[in-house]
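> build me a model:
(one chain, ligands or ions: 2)
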Amino acid sequence: MNWDDPTDATADEGLAGPAAERLVGSVADGEDQAVEAALRPKDLGEFIGQEKVREQLDLVLRAARARGATADHVLLSGAPGLGKTTLSMIIAAEMGAPIRITSGPAIQHAGDLAAILSSLQEGEVLFLDEIHRMSRPAEEMLYMAMEDFRVDVIVGKGPGATAIPLELPPFTLVGATTRAGLLPPPLRDRFGFTAHMEFYEPAELERVIHRSANLLDVEIDTVGAAEIAGRSRGTPRIANRLLRRVRDYAQVKADGVITREIAEAALKVYEVDARGLDRLDRAVLQALLKLFGGGPVGLSTLAVAVGEERETVEEVAEPFLVREGLLARTPRGRVATPAAWTHLGLTPPRPATAGNGQQDLFGA
Ligand SMILES: Nc1ncnc2c1ncn2[C@@H]1O[C@H](COP(=O)(O)OP(=O)(O)O)[C@@H](O)[C@H]1O
Ligand SMILES: [Mg+2]
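Ligands and ions are numbered 1, 2, ... in the order given. As a prediction, this is how the structure comes out:
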């Protein structure tokens, strides 16, 4: 995976086990999917944060409406849980168009795509989630469909095969990807507009939480919402999930109202700390600090110390720790930052007097 790509989400994509069942994981689980439909903002005005994306998208859609035309193809790129699926539905709603939802992995053969494309209505929005995981032949068919609203359907096999051109009605493709860097340039270039979704500020997540609490009929005060927002890793999906767990706690242990005390107590039970680190994240940091003096230490050694697979540490725990500025990956190994010591309430060892003595001790 690409460590320089902040939207790289391998961490949550393919892994079962610790990654899948984490309370702070950013990929939707079954319960999320059931609840999210009810929590999705329905139009751009209701969509919180992402000011730039909203402003730009608003212009694209308004202009298309004014021309009475179908909107340009839109690519949404960003980490899981930031609102890509939600935005695709908003695009359709704002255009007053129906939406068809599919995903890259669901399209195995070009024929699957041809079947979908040829059944689109004029102006329809086709949402292609995880577009970077589409097969090559389907991708090539998509190029032509996006550009010329035409596909060649191949009939027959071998020397007798013929291509039958098929005209398509104009449609809007909305592609979503967690890995914009993985898209082949010819595909990327065919989108008229690319929206880069950023992680959300705590104040924005607070608004998300108040809005969801309202829809779920949960009473929550300002500091309670702020407490949950600060632990949500910049991600609305996680904010909504933590809100539901804190609500459970408030109902069972208190009068149902979410205050700061209730939020803190509930998230302590679920082992999500004040910065949104969970048990695994903290175990990695703790090992790095307490056993290896803050590093540098090799990934394999760190993984053994935590009792986890190398991949779990590297792909599940580290990306967020790096993003939070708690851990750095260096050519000589993993190193804790001063913020990591502070976060765990530990005092960093005094720097070795003779140059890089500390590194000699813990290196390799
Ligand atoms: N800007 C936002 N305002 C309010 N809720 C949001 C926003 N973005 C995402 N959400 C909520 O977060 C959840 C996950 O969003 P989703 O669109 O499924 O993310 P993605 O497709 O990027 O993984 C949904 O329940 C949605 O309601
Ligand atoms: Mg989605």
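
> taking the protein, what residue is nearest to ligand 1?
Proximity of the chain to ligand 1 (CB to the nearest ligand atom) peaks at residue 83, 2.7 Å away. Placement of C-beta: from N, CA and C, glycine included.

> distance-wise, check that residue relative to residue 129.
As judged by CB to CB, to the nearest Å, residue 83 and residue 129 stand 13 Å apart.

> more neighbours: the two, which one.
Higher neighbour count among residue 83 and residue 129: residue 83, with 25 against 20, using other CB atoms under 10 Å.

> how about the contacts made by the more buried one?
47, 50, 197, 236 (CB atoms under 8 Å, 6 or more residues apart in numbering).

> the residue nearest to the third one when sequence neighbours are not counted and residue 235: what is the separation?
To tie it back to what came earlier, the one meant is residue 197. Nearest residue to residue 197, sequence neighbours excluded (CB to CB, 6 or more residues apart in numbering): residue 78, at 2.9 Å. Distance from residue 78 to residue 235, counting by CB to CB: 10 Å.

> most neighbours among the contacts of residue 83, which one?
Busiest of those [other CB under 10 Å] is residue 236, holding 29 neighbours.

> distance check, the nearest residue to it once chain neighbours are set aside against residue 263.
Leaving aside its chain neighbours, residue 236 sits nearest to residue 208 (4.8 Å; criterion: CB to CB, 6+ apart). The gap separating residue 208 from residue 263 is 15 Å, by CB to CB.

> who's in contact with stretch 25-44?
With CB under 8 Å, 6+ apart as the criterion, stretch 25-44 contacts 9, 12-13, 19-21, 47-48, 54, 57-58, 61, 79-81, 85-86, 89-90, 93-94, 211-212, 215-216, 233, 235, 237-238, 240-241, 244.

> now the residues you listed: which count as buried?
9, 12-13, 19, 47-48, 54, 57, 61, 79-81, 85-86, 89-90, 93-94, 211-212, 233, 235, 237-238, 240-241, 244 (16 or more other CB atoms under 10 Å).

> out of those residues, which touch ligand 2?
Applying CB under 5 Å from the ion to the buried ones among the contacts of stretch 25-44, one finds that residue 85 fall near ligand 2.

> secondary structure element for the residue nearest to residue 81 when sequence neighbours are not counted?
Distances taken as CB to CB, 6+ apart place residue 237 nearest to residue 81, at 3.0 Å, with adjacent residues excluded. In the assignment (DSSP states H and E), residue 237 maps to helix 236-253.

> any residue of that helix touching ligand 1?
Yes - contact of helix 236-253 with ligand 1 (CB under 6 Å from any ligand atom) involves 236-237, 240.
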